[in-house]
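Enquirer: this is a predicted model, with the sequence first.
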Amino acid sequence: MAKERRQITVLNPIVPLSFFQQDVLDVAPQLLGKYIVRKIKNESIRHIVTEVEAYRGEEDLACHASKGKTPRTRIMYLSGGHIYVYFVYGMYYMLNIVTAEEENPQAILIRGTNEVSGPSRLTRALQIDKTFNEKKLMPETGLWIEESGISLPYKTTPRIGVNYAKEWKNKLWRYVAL
DNA sequence: AGCAAGATCGGT
DNA sequence: CCGATCTTGCTG
């Protein structure tokens, strides 16, 4: 007689797209401690988000949308939960999550996890490139966010690499888990 | 069509 | 501190 086996696979709840459809300054700190999950073939890579930055609207000179709606920035005008990936310095992919409602251009740059430090290292580790651009955070995409039940304490600092952004460079919109 | 700058990283 | 490397948006 076969031994009875119960499959006790405790799944972390998937964070719904609606979570991202609120102001970026509310969403960004809440993202710390959550899992970012990347499924490649049969393997699921799970990192804990530890560092993010908020980019908020056309008036924010550090935000790409400060140039208005262009071929590149139109992704930021989609509803929260869309994925915005862009290419910089000729070699690096940056992963962002769009927030807020449609036509309100905001996004969160994911800068680091418990496994990697630096936004480009993250996309390298999770094998994320421009093919994810404009897709949504969901299992079908191969990239999504899961609840962890943990809310990490954090500090805020100015955003990195945006010294061109006049007074906006001083906004404390970088959130780093302690 | 040409140009300057960029939400970075790794090596001096 | 500096170079790599190429997309993007702006200028003309």
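Expert: Right, received. Where do you want to start? Keep in mind that what you see is a predicted model, and the values were worked out from it rather than measured. Numbering: from 1, shown residues only, chains lettered A, B, ... in the order given.
Enquirer: tell me the contacts of residue A:80?
Expert: A:17-22, A:27, A:97-101, A:106 (CB atoms under 8 Å, 6 or more residues apart in numbering). C-beta here means a position set from N, CA and C on the backbone, and glycine is covered the same way.
Enquirer: which parts of the strand of greatest length in chain A are buried?
Expert: The single longest strand within chain A, with elements called by DSSP state E, is strand A:43-56. Of the residues in strand A:43-56, A:45, A:47-56 count as buried by neighbour count, 16 or more other CB atoms under 10 Å.
Enquirer: look up how far residue A:104 lies from residue A:164.
Expert: 23 Å (CB to CB, to the nearest Å).
Enquirer: should've said residue A:153
Expert: Per CB to CB, residue A:153 is found 29 Å from residue A:104.
Enquirer: these two: who's more crowded?
Expert: Taking neighbours as other CB atoms under 10 Å, residue A:153 and residue A:104 compare with residue A:104 leading, 19 against 8.
Enquirer: tally of neighbours for the residue nearest to that one when sequence neighbours are not counted?
Expert: Spatially, and ignoring its direct neighbours in sequence, residue A:104 is nearest to residue A:57 (6.9 Å; CB to CB, 6 or more residues apart in numbering). Other residues lying near residue A:57 total 15 when counted by other CB under 10 Å.
Enquirer: residue A:57 contacts residue A:106, correct?
Expert: Yes. Counting by CB atoms under 8 Å, residue A:57 does reach residue A:106; the two are 6.2 Å apart.
Enquirer: mutual contacts of the two, please.
Expert: With CB under 8 Å, 6+ apart, residue A:57 and residue A:106 have common neighbours A:63, A:65.
Enquirer: re earlier: check contacts around the residue nearest to residue A:104.
Expert: Each residue near residue A:57 by CB under 8 Å, 6+ apart is listed here: A:63, A:65, A:104-106.
Enquirer: just checking, residue A:92 touches residue A:121?
Expert: No. Using CB under 8 Å, residue A:92 makes no contact with residue A:121, being 9.2 Å away.
Enquirer: what does chain A put close to DNA strand B?
Expert: A:53, A:55, A:62-65, A:76, A:88-92, A:94, A:96, A:107, A:109, A:118-121, A:159-162, A:164 (CB under 7 Å from any atom of the strand).
Enquirer: just these that are near DNA strand C?
Expert: Among those, DNA strand C is touched by A:64, A:89-91 when using CB under 7 Å from any atom of the strand.
Enquirer: good, wrapping up.
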